[in-house]
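Participant: Prediction below, plus the sequence it came from.
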Amino acid sequence: MNTINQVSLRQSRGIDRLIEGTATSDGAGVKLTRVLTGKLQHRLDPFLLLDAFSSDNPDDYIAGFPDHPHRGFDTVTYMLSGRMRHRDSAGHEGLLESGGVQWMTAGRGVIHSEIPEQEDGLMEGFQLWLNLPSQHKMSEPRYRDFPSGAIPEYLTPQGVTVRVIAGSSNGVAGVVTREITEPLYLDIHVPAGAEFSTALPASYNAFIYVYRGAVTVNNVQVETRRMGILSNTPGTDGVALTATEDARLILVAGKPLNEPIVQYGPFVMNTQQEINQAMNDFRDGHFA
């Protein structure tokens, strides 16, 4: 793992809001915490949803997510711990394991399932929904698995370990790039007392979610299982944070689409007419 010096920032973003997720269940009863909901979609455009899941009780996850449809966005599943099998109606299949990433573009429509391939032990990770621009919403479905060893990592002189899933941080490019929304997705492990910084365009919407420990950003503490929405203060050029104890968090940022968002369950389009068409196409068996 290469040691990389961090960027020097002129002015770091601060924390605009702190969000506590809502406990819920999805699929066939999988227990999770819904952190980014519909109420935040415009504030965090182009991101539509963030679910965090973590349990060592098989009853909380064993039934998984049987066949269900999507249209109009990408799903990004990052598995911290566990094993999940993906199958979809476009003929894709893959096994998502600890430290790996599954990136699926639903595009014009796909039906898929995500079923655990473990009977006990910890299952922990995140699913993020990334909106597609209007001109790409009816694109062909795509799917890729990235095993843990394929995720680029770097180390800072202060001992911070950064995994770069998407975008680029301190000169290290991730495994995924996307045009138009240009998402950044980092998994950051920060020892107590260490600082971390990375550049972010001021126009991008961004948030952190702390899943271990606690960090401070401009003197605001973000504790375990909290999202901190980063401010969009003009003139800022990135974000700097300090761990008040050993901490792990994800940092997600992207260029907003500034397009209408119309969602009905697993369909996200730009107009109600397009939602109606999605429902008809799914009902009539026209998904991949």
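Facilitator: Done, it's in.

Participant: When you work out contacts or count neighbours from here on, use the C-alpha atoms and nothing else.
Facilitator: Fine.

Participant: Can you report how many residues lie near residue 285?
Facilitator: Residues contacting residue 285 under the criterion other CA atoms under 10 Å number 8.

Participant: now it: how far from residue 89?
Facilitator: Applying CA to CA, to the nearest Å, the value for residue 285 to residue 89 is 11 Å.

Participant: after the helix or strand of the chain with the lowest mean pLDDT, next one along is what?
Facilitator: The weakest-scoring helix or strand in the chain, judged by mean pLDDT, DSSP states H and E, is strand 2-3 (a mean of 90). Where DSSP states H and E defines the elements, the next helix or strand beyond strand 2-3 is strand 15-20.

Participant: in its sheet, what does the following helix or strand past that next one sit against?
Facilitator: Sequence order places strand 22-26 as the next helix or strand after strand 15-20, per DSSP H and E. Here strand 22-26 has these sheet partners by DSSP bridges: strand 30-36 (antiparallel).

Participant: And for the partner strand, what's in contact with it?
Facilitator: Residues from elsewhere that reach strand 30-36, judged by CA atoms under 8 Å, 6 or more residues apart in numbering: 19-26, 48-54, 60-65, 227.

Participant: If we use 10 Å, what do you get?
Facilitator: Strand 30-36 has contacts (CA atoms under 10 Å, 6 or more residues apart in numbering) with 19-26, 44, 47-55, 58-65, 124-129, 209, 225-227.

Participant: Show me which of these are buried.
Facilitator: For these, a burial check counting by 16 or more other CA atoms under 10 Å picks out 20-21, 44, 47-55, 58, 60-62, 64-65, 124-129, 209, 225-227.

Participant: Just the ones of the residues you listed in strands?
Facilitator: Among those, the residues falling in strands (DSSP state E) are 20, 47-55, 65, 124-129, 209, 226-227.

Participant: I'd like the distance from residue 229 to residue 88, if you could.
Facilitator: As for residue 229, its distance to residue 88 is 33 Å (criterion: CA to CA).

Participant: repeat for residue 56
Facilitator: Distance, residue 56 to residue 88, using CA to CA: 27 Å.

Participant: what's the answer for residue 219, then?
Facilitator: In this view, residue 219 and residue 88 are 45 Å apart by CA to CA.

Participant: out of these two, which sits in the busier spot?
Facilitator: Set side by side, residue 219 and residue 88 show more neighbours around residue 88, with 21 against 11, by other CA under 10 Å.

Participant: Pull the contacting residues for the more buried one.
Facilitator: Counted by CA under 10 Å, 6+ apart, residue 88 has contacts 67-69, 94, 104, 106, 110-114, 141, 143, 288.

Participant: can you check residue 100 too?
Facilitator: 77-83, 125, 145-151, 165.

Participant: likewise residue 228?
Facilitator: By CA under 10 Å, 6+ apart, the residues touching residue 228 are 14-20, 206-210, 216-217, 220-222, 251.

Participant: ok, 6 Å please
Facilitator: Residues near residue 228 by CA atoms under 6 Å, 6 or more residues apart in numbering: 15, 17-18, 207-208.

Participant: Next: residue 215.
Facilitator: For residue 215, the contact set (CA under 6 Å, 6+ apart) comprises 221-222, 242-244.
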